[in-house]
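Chemist: Structure, please.
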Amino acid sequence: MTENVMRYDWIGRWTHTFHAIAMLVLIFTGLVIYFRWDIMSMHNARTLHMVSVPVLILTNWFLVPYGIIVQGYAEGGVKGIITHFYNNYIFNSRDAKHLSQAIKNFFGKGEYPKFTIYDKGKGHYITRLHPLFKIFIVLEGISIFLIFLTGIVLYDVNWSIFGLPIAQWITTIFGWFAPFLNLSSLSFIRWVHLALTYFFIFELICHALILQFAPKPFNYWKTIFITGKEDFNNPVVQVIDSSKDEA
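Modeler: Numbers count the residues shown, from 1 in each chain. Below you'll find the predicted structure:
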């Protein structure tokens, strides 16, 4: 089968691109600031860091939800949004089976799983993401939220908006847990911010390696960042036709 369909529209491709660039810049400049590397000036590092923050927030808290809503609604209105979200972003029993198959394949036992499922009858994907990515998505969402909160305090311990002392509230909350590690609230905030930076480094490495382990890995990079089109000759793609089953 040589047919192909649009796996990622321009919103999906730009979301991936902006997310990757912002994450890489934030990690690099964050380490420059923390370790005071001589690679670039502190002023430039902080400027790039602060410019990249709204880019990451925009892609993850606005573009991703927007893409989910638009695609889900096109697949079946409000119910379609819920179904789309569950199938594509929530780790389920089918993903557990696919992940098990991927692990066995890594050790030379069995074929690589067809974790991408496209319903030709309905004209949309049942699921697209690698099962391990679904686990990372949850961890990344929590991590982005926490690193954003800690970043507010590190930017300005007295930061407020509309008269609300946001930074002080965050410092107080972290102060509830800091004594368990014999740290002050601010030290704990710095520790969490740095630990999450290392998590993002680990996640990016895993993200890239997982794609490389799949058959024809370049197809993914091309689809995600360039064409957006899915080649049905890709051995990890399973094509079904629900219209035939209904008939």
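
Chemist: And the pLDDT at M1?
Modeler: We have a pLDDT of 46 for M1.

Chemist: Distance from the chain centre to the helix or strand hosting S143, please.
Modeler: Take DSSP states H and E as the rule and S143 turns out to sit in helix 131-155. Here helix 131-155 is found 9 Å from its chain centre; the criterion is CA atoms, centre = their mean, to the nearest Å.

Chemist: ditto for stretch 160-170
Modeler: Remark: stretch 160-170 is offset 28 Å from the chain centroid, using CA atoms, centre = their mean.

Chemist: Stretch 180-194 too?
Modeler: Distance, stretch centre to chain centre, for stretch 180-194: 25 Å (CA atoms, centre = their mean).

Chemist: How about stretch 95-108?
Modeler: Per CA atoms, centre = their mean, the centroid offset for stretch 95-108 relative to its chain is 21 Å.

Chemist: Pull out the buried positions in it.
Modeler: Within stretch 95-108, the residues that qualify as buried are 95, 98-99, 101-102, 105, counting by 16 or more other CB atoms under 10 Å. Bear in mind the C-beta positions are built from the backbone N, C-alpha and C, glycine included.

Chemist: helices and strands around the longest helix anywhere in the chain, which ones?
Modeler: Counting residues, the longest helix found in the chain (DSSP state H) is helix 185-213. Applying 3 or more CB pairs under 8 Å, 6 or more residues apart in numbering; DSSP states H and E, we find helix 185-213 packed against helix 10-35, helix 131-155, helix 166-177.

Chemist: Save those as TSV, and put in mean pLDDT and distance to N60 too.
Modeler: Shown next, in TSV, are the helices and strands packed on helix 185-213 (pLDDT from 0 to 100; distance: least, CB to CB, whole Å):
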stretch	mean pLDDT	distance to N60
helix 10-35	94	7
helix 131-155	94	6
helix 166-177	97	19
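
Chemist: For those helices, give me a markdown table that also has distance to L194 and mean neighbour count.
Modeler: As requested, these are exported to a markdown table (distance: least, CB to CB, whole Å; neighbours: other CB atoms under 10 Å):
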| stretch | distance to L194 | mean neighbour count |
| --- | --- | --- |
| helix 10-35 | 6 | 17 |
| helix 131-155 | 9 | 17 |
| helix 166-177 | 14 | 16 |
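
Chemist: Could you tell me the model confidence score at L129?
Modeler: 88.

Chemist: Kindly report the same for S243.
Modeler: With respect to pLDDT, S243 has a value of 76.

Chemist: Could you list the domains of the chain?
Modeler: Domains of the chain are assigned by automatic domain parsing as 1-130+217-242, 134-213.

Chemist: And the ones you listed, which one averages the lowest pLDDT?
Modeler: Across the domains of the chain, domain 1-130+217-242 gives the lowest mean pLDDT, at a mean of 90.

Chemist: Now find how far off-centre that one is within its chain.
Modeler: On the basis of CA atoms, centre = their mean, domain 1-130+217-242 sits 7 Å off its chain's mean C-alpha point.

Chemist: swap in stretch 202-218?
Modeler: Put simply, stretch 202-218 sits 14 Å off its chain's centre (CA atoms, centre = their mean).

Chemist: Any idea which residue is closest to the centre of this protein?
Modeler: In the chain, the residue lying closest to the centroid (CA atoms, centre = their mean) is I137, at 4.8 Å.

Chemist: returning to that earlier point: who wins for proximity to V70 among the helices and strands packed on helix 185-213?
Modeler: Evaluated over these, closeness to V70 peaks at helix 10-35, with 7.5 Å, by CB to CB.

Chemist: and the angle from the helix or strand that that closest one is followed by to helix 10-35?
Modeler: Counting by DSSP H and E, the next helix or strand C-terminal to helix 10-35 is helix 42-58. Going by axes from the mean of the first three to the mean of the last three CA atoms, to 10 degrees, helix 42-58 is angled at 150 degrees with respect to helix 10-35.
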